[in-house]
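A.B. asks: below are the sequence and a predicted model; questions follow.
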Amino acid sequence: MSTATLSPTARRRWWWFLWSLLAVLAAGIAAYFVTPYVLGRSTIPIDRAIVGYYTSLVVHAVPAGLTLVLGPWQFVPRLRARFPRLHRITGRVYLISVLGAAAAASYATVVTPSGFPLQVAFSVLIVAWLYTAYQGYRTIRRGDVRQHRIWMIRNYTLTFAAVTLRLYLMLGTALMPVIPALQFRDVYTASAWLSLLGNVLVAEYFIVQRTRAGRPRDTRAAVAQPA
């Protein structure tokens, strides 16, 4: 659906619907997948014989879950306008959480037994996640708000890959009994690549290009579309 054909009221309602879907999915996935790690369990098979593997996943999951939950609120224009100091503080917490989660994920990626294709996917995701976070910080430090928003949209799109990864993973595992040749390792790898590439394409086409074209209303409406 193109928001350009909608009235301002309909655009606002559409944006809030998409934002709500984004926020609910982010919070739900964070709670469902982070909680087991905190309790010493996991929702996916983990080889605990690998030194530090499970620990790195726990250290990654907690700040990563925090970025998922905090991110959507940073894109609400009214909150940014009414509480600019809160927006800055939350933004710093978000960026620090990205650094911590990426550092832990880097170790987990190196030692994962799930194969080289998955390692490449997660490595690309980690590098892109850190780079967009750096650009988001750099642009706001020099006062370029417009570019800051673009880079942070890109960054949260990569953060939200954790959600789309789990959605693809749940779909893939549901198909495993139907397709006996389908292995969990293959489903996991395909889900990782789909979540990375799919989210990036959505961000670049529906969000960033419209922002650069000077259509801020369309940009706000598209913030939730990675969901």
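C.D. replies: Received the coordinates, thanks.
A.B. asks: helix, strand or coil for the residue of the chain most remote from its centre?
C.D. replies: Largest separation from the mean C-alpha position in the chain: Pro180, at 30.9 Å (Cα atoms, centre = their mean). Following DSSP: H, G, I helix; E, B strand; the rest coil, we place Pro180 in the coil state.
A.B. asks: just the pLDDT for it.
C.D. replies: Reported pLDDT at Pro180 in the predicted model: 84.
A.B. asks: for it, give me phi and psi.
C.D. replies: Phi and psi for Pro180, reported as degrees, to the nearest 10, are phi -60, psi -30.
A.B. asks: name the nearest residue to Phe33, sequence neighbours excluded.
C.D. replies: Thr43 (5.6 Å; Cβ to Cβ, 6 or more residues apart in numbering). C-beta here means a position set from N, CA and C on the backbone, and glycine is covered the same way.
A.B. asks: ok, the one you found touching Ala31?
C.D. replies: No. Between Thr43 and Ala31 there is no contact under Cβ atoms under 8 Å: 11.6 Å.
A.B. asks: need the longest helix for the chain.
C.D. replies: helix 8-38 (DSSP state H).
A.B. asks: roughly how far out does that helix sit from the chain middle?
C.D. replies: Mean-position distance between helix 8-38 and its chain equals 11 Å (Cα atoms, centre = their mean, to the nearest Å).
A.B. asks: and that helix, what's buried?
C.D. replies: 11, 15, 18-19, 22-23, 25-26, 29-30, 33-34, 37 (16 or more other Cβ atoms under 10 Å).
A.B. asks: could you do stretch 183-190 as well?
C.D. replies: Asp186, Val187, Tyr188, Thr189, Ala190.
A.B. asks: all helices of this structure, in order?
C.D. replies: Using DSSP H, helices in the chain cover 8-38, 53-70, 77-82, 84-111, 116-141, 145-159, 161-175, 184-202, 209-212, 216-222.
A.B. asks: now do the contacts for Arg13.
C.D. replies: Contacts for Arg13 were tallied using Cβ atoms under 8 Å, 6 or more residues apart in numbering; there are none.
A.B. asks: now do the same for it: its pLDDT.
C.D. replies: pLDDT, read off for Arg13, is 86.
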